[in-house]
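Novice: My questions are about this predicted structure, shown below with the sequence.
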Protein chains: 2
Amino acid sequence: MTVDVVQRLREKGLRVTRQRKVIYSLLREIGGHHSVDEILGLLVERREDIHRQSVYNVVGDLQQVGLVMCADAGPGRALYEASDHWHHHFVCRVCQIVLDVPCIEGRKPCLEPPENVASVIDEAQVIFRGVCHGCAGAKVTDTPAASISTADC
Amino acid sequence: MTVDVVQRLREKGLRVTRQRKVIYSLLREIGGHHSVDEILGLLVERREDIHRQSVYNVVGDLQQVGLVMCADAGPGRALYEASDHWHHHFVCRVCQIVLDVPCIEGRKPCLEPPENVASVIDEAQVIFRGVCHGCAGAKVTDTPAASISTADC
DNA sequence: CGAGTATTTCGATACTGTCCAAACCCCTTC
DNA sequence: GAAGGGGTTTGGACAGTATCGAAATACTCG
């Protein structure tokens, strides 16, 4: 918990500040994927006076330390989450919700880790896209969602 | 080529406008991944007078039609490219360059979709991260890139 | 060719992320 | 426990990205 973040920061030579502890425990508590401004809003609700820039700094630092990961969910604002284990993400084309997809250990992606492309490849994150259960159920009429089909981003 | 875009737009009930033809053939010609503002810059160079908002509109439309795809390369601005075949991307942690990674399957759901997560999953795009050849050669000192490690799938 | 409407244009605006200097406070040392 | 040093936070300003609404334009069909 809090012991974890303190220890981890010390290990990496980063100082243990109120802001870092608060933001990490917040992300841990609420779970899910959140943008910097969402985090800022939640902090304001809880009477935590933390500057915008600090949120950017802190999530960046926590990411370096390995306590937070940035969810790949397509272009746009960055989404952060407290990272327990490596996993992938599903993004609904209709409501944009982001869901975790467990990473099946040992099962490599459909393509062999590409040769020649780069010197070091240490991460492979998958983005699945489609329509979530909620939107699939709700959609009865011919919403634009029906015509999205293939070839969308 | 141009016949293609005209036909494709008509099929989907979209009008064939100068802007749509110009932007598509531009993307087709130059290849690679480009942001809206990069596209806009290239259009200006070529004396093509097209409004910013129109570029947003057009790439969105072409994407719906399947002539353009949005490259998943992490958060930030969206990168568009003329879509020939389905593929994935490698992003360099140092210089942020985006490189294509061929997909062996070549078609959309190239990874077996996870169960229970959603109703429809029609796309799985992979983002590989690491250090490209250029940056790996240039880097002699202990850059932060060296401490990234773990978190592989 | 003319009417109707999709599309483009224009200006304004919200959002996201970054930069810099000054104030602050965490950690180490004594 | 006090003091110093330097990593962090803060505050304000700023560039870049993307969206909105209304008016003008131009593509398509009859």
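Specialist: Yes, it's here. Numbering: from 1, shown residues only, chains lettered A, B, ... in the order given.

Novice: Pick out the residue of chain A closest to DNA strand D.
Specialist: residue A:54 (3.0 Å; C-beta to the nearest atom of the strand). (Each C-beta comes from the backbone N, C-alpha and C, glycine too.)

Novice: How many residues are close by the residue lying closest to that residue once chain neighbours are set aside?
Specialist: Closest residue in space to residue A:54, ignoring its immediate chain neighbours: residue A:19 at 5.1 Å, by C-beta to C-beta, 6 or more residues apart in numbering or on different chains. Around residue A:19 there are 17 other residues, counting by other C-beta atoms under 10 Å in any protein chain shown.

Novice: In this structure residue A:19 contacts residue A:61, no?
Specialist: No: the pair residue A:19 / residue A:61 is not scored as a contact, 9.7 Å apart, by C-beta atoms under 8 Å.

Novice: Please list the residues of chain A that sit near DNA strand C.
Specialist: By C-beta under 7 Å from any atom of the strand, the part of chain A that sits against DNA strand C consists of A:9-10, A:15-18, A:35-37, A:52-53, A:56, A:76-78.

Novice: which of those sit farthest apart?
Specialist: By the measure C-beta to C-beta, A:10 and A:76 form the most distant pair in those, at 34.2 Å.

Novice: any idea which element the residue of chain A closest to DNA strand D lies in?
Specialist: helix A:52-65 (DSSP states H and E).

Novice: Let me see the contact set for the residue nearest the centre of chain A.
Specialist: Closest to where the C-alpha atoms of chain A average out (C-alpha atoms, centre = their mean) is residue A:71, at 2.8 Å. Counting by C-beta atoms under 8 Å, 6 or more residues apart in numbering or on different chains, residue A:71 touches A:33, A:79, A:80, A:81, A:89, A:98.

Novice: coming back round to it: would you mind checking the residues of chain A next to DNA strand C for buried ones?
Specialist: For these, a burial check counting by 16 or more other C-beta atoms under 10 Å in any protein chain shown picks out A:9, A:35, A:36, A:78.

Novice: now the angle from whichever strand in chain A runs longest to strand B:120-131?
Specialist: If you go by DSSP state E, chain A has its longest strand at strand A:120-131. Orientation of strand A:120-131 against strand B:120-131 (axes from the mean of the first three to the mean of the last three C-alpha atoms, to 10 degrees) gives an angle of 160 degrees.

Novice: and strand A:120-131, what does it pack onto?
Specialist: strand A:87-92, strand B:120-131 (3 or more C-beta pairs under 8 Å, 6 or more residues apart in numbering or on different chains; DSSP states H and E).

Novice: at 10 Å instead, please
Specialist: Applying 3 or more C-beta pairs under 10 Å, 6 or more residues apart in numbering or on different chains; DSSP states H and E, one finds that strand A:120-131 makes contact with strand A:68-71, strand A:87-92, strand A:98-102, helix A:133-138, strand B:87-92, strand B:120-131, helix B:133-138.

Novice: Let me have the ones you listed in TSV, adding mean pLDDT and distance to residue A:119 as columns.
Specialist: Formatted as TSV, the helices and strands packed on strand A:120-131 follow (pLDDT from 0 to 100; distance: least, C-beta to C-beta, whole Å):
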stretch	mean pLDDT	distance to residue A:119
strand A:68-71	94	22
strand A:87-92	91	24
strand A:98-102	90	28
helix A:133-138	84	41
strand B:87-92	92	9
strand B:120-131	90	5
helix B:133-138	84	3
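
Novice: Put together TSV for those, with distance to residue B:28 on each row.
Specialist: Shown next, in TSV, are the helices and strands packed on strand A:120-131 (distance: least, C-beta to C-beta, whole Å):
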stretch	distance to residue B:28
strand A:68-71	32
strand A:87-92	27
strand A:98-102	32
helix A:133-138	33
strand B:87-92	16
strand B:120-131	21
helix B:133-138	26
